[in-house]
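Asker: no letters, just coordinates:
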């Protein structure tokens, strides 16, 4: 394709179709390998897209380079961009890369080692009794205690010793501490001592950042609350610097507009809020992908979905029932517990850049180590010497050397061959073809196990769902995955590699508030329930007011965390009634029994129920967020038939028809084996597959 033409919705379009309205929104999703940039025109439904390499040394640089490129190709004036939506890997990167951040913890005397003790249960490895825990983010010398005590009802038993706080702050300043987490016993019930520590700290050392558990995670659960608050303190300075740098660059580009970042809840928050609670942005990219997957799955007519987002570094998997997101109250960030509500998904180390390697026992392995953006797969020609899943797909003919030409690079098949032979084939005394196919099959097996974790392990049958495959690498492997699991249908969105970025545009502003209560069903009345929710709504009203968002532009969602007395884990129950009254307690109890039966296969109708926490979420109403993507079929007509030989697992090399995505029209039928190529992804249909293009540009692949 000529290099002097640009893409609208992934298709060539003349420069005269530039964006000149004031209804533009810019979305950027930074992944481990690529940064995806989308410019969307709300008025016309058209959008422009770009992929640029992720600049892991400075994420802001890649974001701005992508923004400049897309503004240039769309002929859009930066000042016409009315909103900037962002998804970032910064929080995860800081943990994964083991960055050394000078952070300290102040807690109640006697609770210095809560972070070290943790819980006996290890979600990531429940069988190995010798499994090493991740190191505490705060070394013991910087975990310090103060004299104070508040009981579980919120009454002050022992006053805070101010002089001890001042002594600790002086010591922290001498040691170069930049950020302090404050986690006092029962502060979720009464934050007065935490707030006093903040006052002292701001007076004694105003440049030192402070994260209060009563602000970050005001909930019961000492260890989880401590972990969440420490994580917030750990990444706060980095987030402030990053968002500050990004804002300055945007102003240089004359992009003076509201800037939002994706939260783990599936809603957006302003940059100022993100600087105070950066831990909320810990999984912004994967969550945006789930939102995008749901959108395109529903556009194809399906509400029970498994979303498969396979990028360059990892694969994110989520289950959607009835078009509704699933949420969890107990997530993890690189094995560190997080006590904040989050969209429920699982991540496995399988991506296009996942390394194919041989372990010490002579077994072939794929991932979780990745080549990342630099040096990337061997075929990128950037210095990578180890084979990856992308190299394997190139050697098998699924990818063509010109697959990435529109991103400005050719794939080097000779380098992929050298890497596969030297690192795998020669070591295992097998052919290069077998090594490449085996690497792909292992990656597929890893993803199948990931899907089973969120379906079969929870009593769900994958055959009852449609698989929405996206990310740059998802559509290449979806057919093999669906075939093994018996999933009858695959939905490939029109822009698979951009689906997460598009998900950012589909999100809305969201505010959250929570308070822990810990009362039995017979200890609370409908009026007290109403007062608890009203208090939380007032907090949200104040937050929204600071961001100039009117109360009538928000939808209020109320819920209660509930459990049986004696249990540790709670279930979140929606309170659907517009007005909370005397019947609300009984209605919530009935809904809890039903949910417990559905989730765990049993309930205890005769056991008392405990109310653990009250929650309120406020989201923008739909009318304020206009996102109607208009897929633009090119109507260029079918080109001359093209074929190439492709190595398809156990079926050997087969002549496979090649389609360009922009030559497909509504109701077109594609019979496998076939490959559909486009700028941001490649879709593989195996023998027996039948693909149909719907009116929204999705490819619906029916399995035989």
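Answerer: Arrived safely. All values derive from a computational prediction rather than experimental measurement.

Asker: for the residue in the chain sticking out farthest from the centre, what are phi and psi?
Answerer: Here the chain reaches farthest from its C-alpha mean at residue 163, the gap being 42.7 Å by C-alpha atoms, centre = their mean. Dihedral angles of residue 163 (phi, psi; degrees, to the nearest 10) stand at phi -70, psi -30.

Asker: next one: the one 5 residues further on
Answerer: Backbone dihedrals for residue 168, given as degrees, to the nearest 10, come out at phi -60, psi -40.

Asker: for the closest residue to it other than its chain neighbours, pull up the helix or strand it's in.
Answerer: Once flanking residues are discounted, residue 168 sits nearest to residue 144: 5.1 Å by C-beta to C-beta, 6 or more residues apart in numbering. Yep, even glycine has a C-beta here, placed from its N, CA and C like the rest. Element membership of residue 144 [criterion: DSSP states H and E] is strand 143-146.

Asker: hang on, isn't residue 540 packed against residue 513?
Answerer: Yes. With contact defined as C-beta atoms under 8 Å, residue 540 reaches residue 513; the gap is 5.3 Å.

Asker: between those two, which contacts overlap?
Answerer: Residues touching both residue 540 and residue 513 (C-beta atoms under 8 Å, 6 or more residues apart in numbering): residue 616.

Asker: ok, then the element right after the strand holding residue 144?
Answerer: Per DSSP H and E, strand 143-146 leads on to strand 149-150 as the next helix or strand towards the C-terminus.

Asker: who's in contact with residue 685?
Answerer: Taking C-beta under 8 Å, 6+ apart, we find residue 685 in contact with 479, 670-676, 691, 701.

Asker: ok, residue 94 next?
Answerer: Contacts of residue 94 by C-beta under 8 Å, 6+ apart are 101, 234-235, 238.

Asker: same deal with residue 91?
Answerer: Per C-beta under 8 Å, 6+ apart, neighbours of residue 91: 235, 239, 278-279, 281-282, 333.

Asker: burial measure for the residue lying closest to it once chain neighbours are set aside, as a count.
Answerer: Excluding its sequence neighbours, the residue lying closest to residue 91 (C-beta to C-beta, 6+ apart) is residue 282, at 4.2 Å. Using other C-beta atoms under 10 Å, residue 282 is surrounded by 30 other residues.

Asker: can you check residue 459 too?
Answerer: Residue 459 has 10 neighbouring residues, counting by other C-beta under 10 Å.

Asker: and it, what's its pLDDT?
Answerer: Predicted confidence (pLDDT) for residue 459: 86.

Asker: how near is it to residue 604?
Answerer: Residue 459 is 19 Å from residue 604, where distance means C-beta to C-beta, to the nearest Å.

Asker: can you show me the helices along the stretch 151-300 of the chain?
Answerer: Counting by DSSP state H, counting those that start in this stretch, the stretch 151-300 of the chain has these helices, from start to end: 162-174, 192-204, 213-216, 222-252, 271-276, 284-299.

Asker: out of those, nearest to residue 66?
Answerer: helix 222-252 (11.4 Å; C-beta to C-beta).

Asker: and the closest one, what's buried?
Answerer: Residues 222-240, 242-243, 245-247, 249-250 are the ones in helix 222-252 that count as buried (16 or more other C-beta atoms under 10 Å).

Asker: by how many degrees do that helix and helix 192-204 diverge?
Answerer: Relative orientation of helix 222-252 and helix 192-204, computed by axes from the mean of the first three to the mean of the last three C-alpha atoms, to 10 degrees: 40 degrees.

Asker: pLDDT of helix 222-252, averaged?
Answerer: 92.

Asker: from here on, call the first residue 8.
Answerer: Right, with 8 as the first residue, what we last looked at is helix 229-259.

Asker: domain-wise, how is the chain divided?
Answerer: Domain segmentation of the chain under automatic domain parsing yields 13-101+248-288, 106-245, 361-446, 517-631.

Asker: and those, which one is worst for confidence?
Answerer: When mean pLDDT is averaged over each of these, domain 13-101+248-288 scores lowest at a mean of 81.

Asker: quick one on the thing from earlier: list the contacts for the residue nearest to residue 175?
Answerer: Applying C-beta under 8 Å, 6+ apart, one finds that residue 151 lies in contact with 111-114, 119, 175, 178.

Asker: what's near enough to touch the residue most central in space within the chain?
Answerer: Among the residues of the chain, the one closest to the centroid is residue 293, at 2.2 Å (C-alpha atoms, centre = their mean). Residues in contact with residue 293 (C-beta under 8 Å, 6+ apart) are 316, 323, 352, 354, 507.

Asker: what's in contact with the helix or strand hosting the second one?
Answerer: For residue 323, the element it lies in under DSSP H and E is strand 322-327. Contacts made with strand 322-327 from outside it, assessed by C-beta under 8 Å, 6+ apart, are listed as 293, 296-297, 300-301, 304, 310-316, 332-333, 350-355, 357-358, 453-454, 457-458, 460-462, 465, 467, 472, 478, 481.
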